[in-house]
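Novice: give the three-dimensional model of this entry:
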Amino acid sequence: MEFPAAVDAFADHLERVRRLSSATVRAYRSDLRDLGASSSGLSLEQITLDTLRDWLWEATQRGDARSTLSRRAAAARSFFSWAVEQELLTHDPSLRLVAPKRGRTLPTVASKDAMTALLDTQRQAAESGEPTALRDHGVLELLYGAGIRVSELCGLDVDDLDLDRGTARVMGKGAKERVVPFGVPARDAIGTYLTRGRPALLARAAHPSAALFLGTRGGRIGPRAVYTLVAEVLAPFVGADTVGPHALRHTAATHLLDGGADLRAVQEILGHASLGTTQIYTHVSAERLTATYRLAHPRA
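Specialist: Predicted coordinates:
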């Protein structure tokens, strides 16, 4: 099998069998296509460990981040392991491939006061009754109130919400469904949006839509629009130039732990497969506690 055809077959395997997220599949496909271009048309059987090392070295010379290098190495290892399983290869050239370990950085988190100020400002803007202001208020309240991913928010339909119970049914990574709770402020903001904002946006659509949050033309809102919204309103409160919806997820998780929530409960809410992923927020809480101590204690 030619290398490009093998990459396409592998991507299909990731999507249909392993049920990885579309973003992960796109990233792996892009990495492997870059490997194909870098290896100057070598066939699948001709790619060696040295070929893979040269490919990662080229990425290093371009200044790619360590996280990108780690993902590329993971994509190659996963691909060649699959190729051996499919009997496309007799040996795996990636077995000894090593990439730099990812640097573990603490996520950007807004303070409780900052979130209160941000959401109060959005609530006041929504009082104008302008459809997108009503929508934006609902989007921000739900991202922070439920700690969901931007892809999960964009994928929500109206029927996925139970406003009486304050829960949303979301589809997470690997097509895993879970039900997440949200609070009264999010329920009120979404309720107002459904009554006054969504019908006005839906009237602009060429076709009916079941989506909960709609774009300015009446179709399902996309991740880019949500990124733009969050970056615009959240950046001034956290002092960061680049910040996206995931910062609200980080903030929700940290505030839950600060408030005494059990770590496993937070894992369930966030939809993390591994408790280790959730534990990063305990480090954030500890760092914030230490900073408060140093500011407040006379013997610090």
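Novice: CA only for contacts and neighbour counts going forward, please
Specialist: Noted.
Novice: where does pLDDT dip in this structure?
Specialist: When residues are selected by pLDDT under 70, those of the chain lie in 100-107, 240-241, 281-293, 295-300.
Novice: isn't there a strand covering Arg165?
Specialist: No - counting by DSSP: H, G, I helix; E, B strand; the rest coil, Arg165 is not found in a strand; it is coil.
Novice: helix or strand for Leu42, which one?
Specialist: Assigned by DSSP states H and E, Leu42 belongs to no helix or strand.
Novice: run a quick neighbour tally on the nearest residue to it once chain neighbours are set aside.
Specialist: Leaving out its chain neighbours, the residue that sits closest to Leu42 by C-alpha to C-alpha, 6 or more residues apart in numbering is Gly36, at 7.4 Å. Gly36: 19 surrounding residues under other C-alpha atoms under 10 Å.
Novice: before we move on, what about Pro4?
Specialist: For Pro4, using other C-alpha under 10 Å, the count is 17.
Novice: ok, it - contacts?
Specialist: 33, 36 (C-alpha atoms under 8 Å, 6 or more residues apart in numbering).
Novice: what do you get for the one 3 residues further on?
Specialist: By C-alpha under 8 Å, 6+ apart, the residues touching Val7 are 29, 32-33, 79.
Novice: for the stretch 101-250 of the chain, what spans make up the helices?
Specialist: Taking DSSP state H, counting those that start in this stretch, the helices of the stretch 101-250 of the chain run over residues 112-126, 131-146, 150-154, 184-192, 198-202, 223-238, 245-258.
Novice: tell me which of those helices lies nearest to Arg53.
Specialist: Set against Arg53 and scored by C-alpha to C-alpha, those come closest in helix 245-258, at 32.3 Å.
Novice: would you mark the buried spots in the helix or strand that comes right after the closest one?
Specialist: Next helix or strand after helix 245-258 toward the C-terminus (DSSP H and E): helix 263-270. Neighbour-count burial for helix 263-270, with 16 or more other C-alpha atoms under 10 Å as criterion, is recorded at 263, 266-270.
Novice: what packs against helix 263-270?
Specialist: Packing partners of helix 263-270 (3 or more C-alpha pairs under 8 Å, 6 or more residues apart in numbering; DSSP states H and E): strand 177-181, helix 245-258, helix 275-278.
Novice: how does it look with 10 Å?
Specialist: Secondary-structure packing of helix 263-270 (3 or more C-alpha pairs under 10 Å, 6 or more residues apart in numbering; DSSP states H and E): strand 177-181, helix 245-258, helix 275-278, helix 280-296.
Novice: pull the most distant pair out of the contacts of Val7.
Specialist: Farthest pair in the contacts of Val7, by C-alpha to C-alpha: Arg33 and Phe79, 11.6 Å.
Novice: so between the two, which is more surrounded?
Specialist: The residue with more neighbours, out of Arg33 and Phe79, is Phe79; 23 against 16, by other C-alpha under 10 Å.
Novice: not counting its neighbours along the chain, what's nearest the more buried one?
Specialist: Phe10 is the one closest to Phe79 (C-alpha to C-alpha, 6+ apart), at 6.7 Å.
Novice: if you count neighbours, what's buried in the helix or strand hosting the one you found?
Specialist: Assessed by DSSP H and E, Phe10 sits inside helix 3-16. Residues of helix 3-16 classed as buried: 3-4, 6-7, 10-11, 14-15 (neighbour count, 16+ other C-alpha under 10 Å).
Novice: now stretch 199-206
Specialist: Of all the residues in stretch 199-206, those buried under the rule 16+ other C-alpha under 10 Å are 200-202, 205.
Novice: may I see the residues you listed arranged in TSV, with distance to Glu232 as well?
Specialist: Shown next, in TSV, are these (distance: C-alpha to C-alpha, whole Å):
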residue	distance to Glu232
Ala200	24
Leu201	21
Leu202	24
Ala205	26
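Novice: need the three-state assignment for Leu89.
Specialist: The assignment at Leu89 comes out as coil when based on three-state DSSP.
Novice: now, among the buried residues of helix 3-16, which is nearest to Glu130?
Specialist: Glu15 (39.4 Å).
Novice: excluding its backbone neighbours, what's nearest the closest one?
Specialist: Counting by C-alpha to C-alpha, 6+ apart, Glu15 lies nearest to Val25, which is 6.7 Å off, once chain neighbours are set aside.
Novice: give the contact list for the one you found.
Specialist: 10-15, 19, 31, 75 (C-alpha atoms under 10 Å, 6 or more residues apart in numbering).
Novice: how far away is it from Lys173?
Specialist: Here Val25 is placed at a distance of 12 Å from Lys173 (C-alpha to C-alpha, to the nearest Å).
Novice: shared neighbours, these two?
Specialist: Common contacts of Val25 and Lys173 (C-alpha under 10 Å, 6+ apart): Arg19.
Novice: check contacts around Arg217.
Specialist: Arg217 is in contact with 201-206, counting by C-alpha under 10 Å, 6+ apart.
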